[in-house]
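Asks: A structural model of the following input is requested.
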Amino acid sequence: MKRRSFLSHLAFSPVAWSLLRLQTEGAETDALLSGPLVGYSEMTETMIWLQTRRPARVQVRYWVQGKPETTRLSEEYRTTHAGDGIAKFTLSGLTFGTRYDYEVYVDGARIERPYPMTFQTQPMWKWRTEPPPFKVAFGSCHYVNDPPFDRPGRPYGDSPKVFSAILAQKPDLMLWLGDNCYYREADYQTEAGMRYRYAHTRAQAELQPLWAAVHHYAIWDDHDYGPNDSDRTFRRRDTALRIFRDYWCNPTHGTPETPGCFFRFDWADVEFFMLDGRYHRMPNHLPDDAPDKTMLGPEQLGWLLESLRSSEATFKVVASGGQVLNPVSPWECFGRFKVEQSRIFDFIRSEKIPGVVFISGDRHLAELNRRLEPNLYPLYDFTSSSLTAGVAKLSKAEQDNPCRVPGTLVEKHNFGILEFSGPRANRLLTMRCFDENGDEQWKREIPISELRFPRPSEESGR
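Replies: So this is what the prediction gives:
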């Protein structure tokens, strides 16, 4: 009777049909479909996301780690079929610089999980001490096999063991740089199909421990936005953005005037600028040097440049779905938008903005590009891809990439790690690339002194 009632309700909720294939008799004994997932972290606030299999009452109980007497209980939230069973809890009034444990209740019953569920608030360090060390994981291209929807032949998605390797690094946060799920042809025609794909990917069992204990931030690329190589002409781009906002817990999305998934956030003395390379993107086939060809759009580009100018961060990490510095790639990279790319370089140079570093995804391989522009410190772009999707081999055009740092090409599943350490005046960025087994492939140290403009006295002495 319960099953009949459940399906009867689904008949009146078209969006909920996207989850129908995930509702099995055996699975319904566990009320959570996926999550909890820990979202953004501020000094006194964080957000926790979860998704239930059926409409339910949900709450989060949390306490300072090791101090159960500090227990607090969130407000109760009721999930619905129309809302994909999603609940988001904004936990405010937290103590800065503190780690918390938490647990989830569904319809009054505590959900048991065999792994740590924890979050942290950022420390209030300014005017008090040196910035704290911290670690960032990042990656892109996460494909979860789903045979009825997949192409014939060898499955495109490989083992998800990379997520255990990421968790073993104990990062404070993880950046998802796009293709975080892969829409199939049957998905991006309808909102229900798109929501099904997100829910199917989010529920992957091997991901749950990582969701529960690391803070997550995300942007998209083509496959979790729409069709392959999609741009601003995608007819469901507003639907895609609405779903993206439902399934991720970024602190902001775009600006009041300009929609998109771009945003900026701080962690200690580092600021991250997360770009949207799809919502405003012109078609790729336009000439690469066309003066009005844009990936970011004039409004987002203006936001990025003004944000870089206003930032007081030591390192300024610009995150892009596609490669930024590769000068010979024939694929979807910033080099296909030469005028816009040059405007960014020119702005950094003219405004003398120190500490800019790029990270990117998309390429289904890893490499570090180092580009030398006139009167500008070395620019770096650390590309990490793929997490589980098929691995690529270098194209003929890229074999002799003059910007690739020797020894950094990795043609297997991988993820990136950024470690920030040391006093602010001599802050050090350590880049590491790991394979899916957690074995380090290469390491590069970049002191902040390498990313500064010379002082006027130093310039005159040349």
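
Asks: can you pull out the helices in the stretch 1-150 of the chain?
Replies: Under the criterion DSSP state H, counting those that start in this stretch, the stretch 1-150 of the chain contains helices at 2-10.

Asks: Against residue 397, how distant is residue 97?
Replies: Residue 97 is 48 Å from residue 397, where distance means C-beta to C-beta, to the nearest Å. The way it works is simple: take the backbone N, C-alpha and C, and place the C-beta from them, glycine included.

Asks: what are the ranges of the strands in the stretch 151-300 of the chain?
Replies: Ranges of strands in the stretch 151-300 of the chain, per DSSP state E, counting those that start in this stretch, are 173-177, 215-219, 263-267, 270-274.

Asks: May I have the strands that pair with the first one, each with its orientation?
Replies: Looking back up the chat, that one is strand 173-177. Strands that pair with strand 173-177, judged by DSSP bridges, come out as strand 134-139 (parallel), strand 215-219 (parallel).

Asks: quick one: average confidence on it?
Replies: In this model, strand 173-177 carries a mean pLDDT of 98.

Asks: Tell me the buried residues in it?
Replies: Of all the residues in strand 173-177, those buried under the rule 16 or more other C-beta atoms under 10 Å are 173-177.

Asks: low-scoring stretches of the protein, by residue?
Replies: 1-29, 456-462 (pLDDT under 70).

Asks: Tell me how far the residue positioned nearest the centre of it lies from residue 140.
Replies: Nearest to the mean C-alpha position of the chain, by C-alpha atoms, centre = their mean, lies residue 176 at 2.1 Å. Residue 176 sits 7 Å away from residue 140, going by C-beta to C-beta.

Asks: Contacts only, for the closest residue to residue 228 other than its chain neighbours.
Replies: The shortest distance from residue 228 to any non-neighbouring residue, by C-beta to C-beta, 6 or more residues apart in numbering, is to residue 222 (5.8 Å). If you count contacts by C-beta atoms under 8 Å, 6 or more residues apart in numbering, residue 222 has them with 178-179, 228-230, 278, 321, 332.

Asks: next one: residue 264
Replies: In this structure, residue 264 makes contact with 271-274, 307, 311, judged by C-beta under 8 Å, 6+ apart.

Asks: Those: which two are farthest apart?
Replies: The largest separation in these, counting by C-beta to C-beta, is between 274 and 311 at 13.4 Å.

Asks: Those two: which is more packed in?
Replies: Higher neighbour count among residue 274 and residue 311: residue 274, with 24 against 19, using other C-beta atoms under 10 Å.

Asks: Give me the buried positions along the longest strand along the chain.
Replies: For the chain, the longest strand by residue count, based on DSSP state E, is strand 32-41. Within strand 32-41, the residues scored as buried using 16+ other C-beta under 10 Å are 32-41.

Asks: Dump it to PDB, restricted to CA.
Replies: Written as PDB, here are the backbone C-alpha positions of strand 32-41 (Å, rounded to 0.1, in the frame of the first residue of the first chain):
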ATOM      1  CA  LEU A  32      18.600   9.600   2.600                       C
ATOM      2  CA  LEU A  33      19.300   9.300  -1.100                       C
ATOM      3  CA  SER A  34      22.500  11.300  -0.900                       C
ATOM      4  CA  GLY A  35      24.400  13.500   1.400                       C
ATOM      5  CA  PRO A  36      24.800  15.200   3.800                       C
ATOM      6  CA  LEU A  37      27.100  17.400   1.800                       C
ATOM      7  CA  VAL A  38      29.000  20.300   3.500                       C
ATOM      8  CA  GLY A  39      28.900  23.600   1.500                       C
ATOM      9  CA  TYR A  40      30.600  26.900   2.000                       C
ATOM     10  CA  SER A  41      32.300  27.900   5.200                       C
END
